[in-house]
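Asks: only geometry, no sequence info:
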């Protein structure tokens, strides 16, 4: 993913993001934290261009029982970037 997006420091960004998420009360800026002090994440990251969400929306009575399905699609071609 780092190479595909051309973001060489993406792994460091992920580590610092995880630091912020696991220690929300830490007053330090994430950029001040050494990578060694951040949670490590070495698992492959998967990117999907679409998703489907099914949920109950009781305020939407136009659907059967308030059930809704939303499709989320993200494709670089939609932004003229193939």
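Replies: Perfect, thanks for sending it. Being a predicted model, the structure only gives us computed values, none of them experimental.
Asks: quick one: residue 13 from residue 23, how far?
Replies: Taking CB to CB, to the nearest Å as the criterion, residue 13 is separated from residue 23 by 16 Å. (C-beta placed from N, C-alpha, C; glycine too.)
Asks: for residue 14, which non-adjacent residue is closest in space?
Replies: Sequence neighbours aside, residue 41 is the residue nearest to residue 14 in space, at 5.5 Å (criterion: CB to CB, 6 or more residues apart in numbering).
Asks: ok, the residue nearest the centre of the chain - contacts?
Replies: Nearest to the mean C-alpha position of the chain, counting by CA atoms, centre = their mean, stands residue 47 at 9.2 Å. Residues near residue 47 by CB atoms under 8 Å, 6 or more residues apart in numbering: residue 1.
Asks: any idea how far it is from residue 2?
Replies: From residue 47 over to residue 2 (counting by CB to CB), the distance is 12 Å.
Asks: mind jotting down where the helices sit in the chain?
Replies: Assigned by DSSP state H, the helices in the chain fall at 2-5, 10-22.
Asks: with mean pLDDT, distance to residue 31 and mean neighbour count as extra columns, can I get the ones you listed in CSV?
Replies: As requested, these are arranged in CSV below (pLDDT from 0 to 100; distance: least, CB to CB, whole Å; neighbours: other CB atoms under 10 Å):
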stretch, mean pLDDT, distance to residue 31, mean neighbour count
helix 2-5, 80, 19, 10
helix 10-22, 92, 7, 15
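Asks: would you mark the buried spots in stretch 33-41?
Replies: Under the neighbour-count criterion of 16 or more other CB atoms under 10 Å, stretch 33-41 has 33, 38 buried.
Asks: would you map the strands across this structure?
Replies: Under the criterion DSSP state E, strands of the chain are mapped to 50-56, 67-73.
Asks: pretty sure residue 51 contacts residue 72?
Replies: Yes - with contact defined as CB atoms under 8 Å, residue 51 and residue 72 form a contacting pair (4.7 Å).
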